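Student: Turn this into a structure:
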Amino acid sequence: MPGDASSSEMIRRIKLNDPEDRMPYKHTPLKEEQIDILTKWINQGAKWGNHWAYVPVKNEEVPAPESSFFGLIPAKKIDWVKNDIDYFIYDKLKQENLQPSPEADKSTLLRRVSMDITGLPPTESVANQFLNDNSNNAYEKLVDSLLASKHYGERFTSMWLDLARYADTKGYERDDSRIIWRYRDYLINAFNEDKPYNQFLMEQLAGDLMPGATDEQFIATAFNRNTMTNDEGGTDNEEFRTAAVIDRVNTNWQVLMGTTFGCVQCHSHPYDPFKHDEYYKFLAFYNDTRDEDTEADYPLLRTYNSEDSAKLDHLIAWFNNNGYRQRAKEIYTFLKTWQPAINSLTADSFVNSALSDTKWLVLRKNGIARLKKVDLDNKSELIYRYNAFLNNGTWVIHLGSPDGPVLQTMKETKTKGWTITSVNLPASSGVHDLFLTYSNPDLKTPDANGLLFDWFYFTQPLPGKDKEGYADAKKTFWELVNAPVSTTPVMMDNPMDMHRATHVFVKGNWLVKGDLVQPDVPESLNPFPNKAPRNRLGMAMWLTSKQNPLTARTMVNRIWEQLFGKGIVETLEDMGTQGATPTHKELLDYLSWHFMNDYKWSVKKLIKEIVMSATYRQDSKVTKESEEKDPFDNFYERGPRVRLSAEEIHDQALAVSGLLSEKMFGPSVMPWQPAGIWLSPYNGRSWDKSEGEDQYRRAVYTYWKRTAPYPAMESFDASAREECLARRINTNTPLQALVTLNDSFYLDASRHFAYRMIEKAGIKDVAKTIQCGYQIAMDKPITQPKLASFEKLYNEAYKGFAKNEEKTCEIIGEKNEHNNPETAAMVVVANAILNLDEMITKN
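Tutor: Below is the predicted model of the structure:
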């Protein structure tokens, strides 16, 4: 009761003596001063402020040192400070009576920033250039060179693939392959060219709806086609289409806006200002897309080879030049996507027909099936994809009922697999149910399959029949329809005549539909942009608006986490009221405002600003005082010390051993993996180890199967990617040591590392060889105690191998010039160097 605490049920309850009625229930009673605070608050009107993360970002004032003696004596500059970030950090350190740490040594800083920006240790030339450069801007030149490296894009793509739940398979039980690697390549290029983050998101959320959308922008939308598809026979396609749409909504909010909006699927949010119906209003943006859990993953962007691409350009130019501009757009869309087609799995009203394996419409002897609500306005041609199992088949299209008026009758002969053809239809109008009937005298049993359909495209015949060049245009059209192409699943919206309505799911149950809703955003956040379309493009405009309080904060928090090991808000997935409290809220807002305004959404500029700070450059050693006052380094009085990611440990081993392939892009690869990891039902797929340099490519290119992720990386906390993962939480288990010590991939890397050490330093002086190897790995000289430990390890290993030729051969792996006890012992040393704590940890 705002303004009247005496009438407040809450105040009455917290004052009661009976523990069964008193609030808080089964807890210690509130103290008198606490009750007094609540009483005063209610009497003053019970005003409740907005949570900080749901308020638009504003430019925070930098807490610069204060002047003294009434401003007459200027503030003394803080020597430790390198940029504005440090003033925020220093201000909090001062409040906690802590002091910042000195700058790390050059070798440590070199390795730290190189791993953070490129995911790789520095090359020998980069290391030498920096370590021998004593100029004041040596470090800045190093940072600029790393940001300009092509490997920068690969490193941050590895981060993004978890967010996008990227995989090379579809998931669920069958988990068959999916060709979607062009999306991964899009990410690498986007990060390398420093595509503004707002544009980067716009393209992934609604690239297909952008004016004059390019192939690249279509491919970007595969962000939301990484959802799983269930190919198991007997499943409900609409259930799993709906599951994919829900996944997109939850991913959208958790990954891009750091909010647990998924809670609102079943009820209004118990803690944050989001209502149950708002979930479905937002879901409506995604609910009108063409994908329908099809086996082929339609819609697909069809990528032609250069010759066919030239044919396509020439064909579209012909239509444009003859005045058919609107039809040219429709024809181009169809040739590039086979859309908008009606998928046969939407058929129903089956009589001796069915959805074969719940994927395709199959007609049997005297079979009947229905296509619902087909718009026939200006549709006088049907293009369809089918597979006829027998000759002498006849199928008929009826209007309205199985015995309704006949639109067309088709005679079919046996095909050699999927075939695309067309048939003319009489002029009709309006929206109608169409019934398909099938007969074939050669079908001997009722359950034998006669005709299988994939999709139906109702359209108009190609225009320009009376124009010069029409015959060639028609020939080219059909060549392109049937051309062999590579494909990528993409997002596309339904046309108006195929619009899908959205309803609230009562208590989150997709089978129980409630009120009809229209696309909209939550009232508690920034308003939907004026004049923006009520579709995914308008939603993307809303999400990337500078008034959106969450988008910039979430990305800045994520980049901070990538560089320091945890975010300013530790719970990257939840900046809401139940998330972690920000350690430096003003700094987060300061960086977020500048990210949008000064940096123009440039991720590279944001990263540079952070890594140039004194905060980032600090030594990571822990003092007794800091361990007592700040054990988790929440106040950043020392530098980051974090175990490297699964991908970085993998790539580092390749780089140090000299095996790393520089090859970029293309289909995913299969490096060494133990036999028996893949047990693929139905399709019999196996892990076929890549050969040549493909087995030594960066981890970002490794084939990712959702039900059996690459085990060496899974041991280091990589995600299965069945759904998005906003934050990996590092673990420390014996399995990780077993991977890096015993996995054949790491043993192979150790062999080549040893060969590299011997090639550079020889084998006669063991100490010199070990010193060389440590220098290669860590970019600094080895200390005497460490050298002594490695020499002891070498000598013990050598004694064993000198007595056992079989063990020597086993560690080398084959009979070659390296097959000797000296080299075998050095392989053991190389393996130990790759397993050093300082090697797999960013210090």
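Student: remind me which residues of this protein are low pLDDT?
Tutor: 67-75, 681 (pLDDT under 70).
Student: center of it - which residue?
Tutor: With distances taken as C-alpha atoms, centre = their mean, the chain has A164 as the residue nearest its mean C-alpha position (1.8 Å).
Student: Let me know whether it touches N226 as I believe.
Tutor: Yes. At 5.3 Å, A164 and N226 qualify as touching, with contact defined as C-beta atoms under 8 Å. Every C-beta, even on glycine, is put in place using the N, C-alpha and C of the backbone.
Student: Quick check: neighbours shared by those two?
Tutor: Contact with both A164 and N226 is made by residues Y183, according to C-beta atoms under 8 Å, 6 or more residues apart in numbering.
Student: Please identify the buried residues of the strand ranked longest in the chain?
Tutor: Looking only at the chain and at elements set by DSSP state E, the strand with the highest residue count is strand 360-375. Going by neighbour count (16 or more other C-beta atoms under 10 Å), the buried part of strand 360-375 is 360-365, 367-371, 374-375.
Student: Distance of N683 relative to D168?
Tutor: Computed as C-beta to C-beta, to the nearest Å, the N683 to D168 distance reads 13 Å.
Student: what's the answer for T413, then?
Tutor: Per C-beta to C-beta, T413 is found 38 Å from D168.
Student: same thing with N819?
Tutor: Between N819 and D168 the computed distance is 37 Å (C-beta to C-beta).
Student: These two - which one has more neighbours?
Tutor: Neighbour tally, N819 and D168, criterion other C-beta atoms under 10 Å: the higher count belongs to D168, 19 against 15.
Student: For A708, which residues are in contact?
Tutor: In this structure, A708 makes contact with D175, I677, W678, L679, judged by C-beta under 8 Å, 6+ apart.
Student: On the three-state scheme, it is what?
Tutor: Using DSSP: H, G, I helix; E, B strand; the rest coil, the three-state assignment for A708 comes out as coil.
Student: same thing with D589?
Tutor: Recorded secondary structure, D589: helix (three-state DSSP).
Student: Neighbours of it, how many?
Tutor: D589: 24 neighbours (other C-beta under 10 Å).
Student: contacting residues around the nearest residue to it once chain neighbours are set aside?
Tutor: Counting by C-beta to C-beta, 6 or more residues apart in numbering, D589 lies nearest to E60, which is 4.9 Å off, once chain neighbours are set aside. E60 is in contact with E586, L587, D589, Y590, W593, counting by C-beta under 8 Å, 6+ apart.
Student: circling back to that earlier point, rebuild the buried residues of strand 360-375 as CSV, extending it with distance to S545.
Tutor: What follows is these, written out as CSV (distance: C-beta to C-beta, whole Å):
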residue, distance to S545
W360, 43
L361, 44
V362, 48
L363, 51
R364, 54
K365, 59
G367, 53
I368, 51
A369, 46
R370, 44
L371, 41
V374, 39
D375, 35
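Student: Out of these, which is nearest to Y710?
Tutor: The shortest separation between Y710 and any of these is 32.8 Å, and it belongs to W360 (by C-beta to C-beta).
Student: where's the closest one relative to K372, distance?
Tutor: W360 sits 17 Å away from K372 when distances are taken as C-beta to C-beta.
Student: and W455, what helix or strand is that in?
Tutor: Secondary structure assignment for W455, by DSSP states H and E: strand 449-459.
Student: quick check: angle from that strand to strand 360-375?
Tutor: Between strand 449-459 and strand 360-375, the angle formed by their directions is 30 degrees, by axes from the mean of the first three to the mean of the last three C-alpha atoms, to 10 degrees.
Student: What's the first helix or strand after strand 449-459?
Tutor: helix 470-481.
Student: What residues of that next one count as buried?
Tutor: Of all the residues in helix 470-481, those buried under the rule 16+ other C-beta under 10 Å are A473, T476, F477, L480, V481.
Student: is the closest residue to the last one other than its chain neighbours in a bridge, and if so with what?
Tutor: Computed as C-beta to C-beta, 6+ apart, the closest residue to V481 that is not its neighbour in sequence is I420, at 5.6 Å. According to DSSP bridges, the partner residues bridging I420 are R385.
Student: so I420 makes contact with N387?
Tutor: No. Between I420 and N387 no contact is recorded; they are 10.6 Å apart, counting by C-beta under 8 Å.
Student: which one of those two has more residues nearby?
Tutor: Summary of the neighbour comparison: I420 and N387, criterion other C-beta under 10 Å, with N387 having more neighbours (19 against 15).
Student: tell me the SS of the more buried one?
Tutor: Following three-state DSSP, N387 is assigned to strand.
Student: what about stretch 773-784, distance to the chain center?
Tutor: Taking C-alpha atoms, centre = their mean, to the nearest Å, one finds the center of stretch 773-784 at 36 Å from the center of the full chain.
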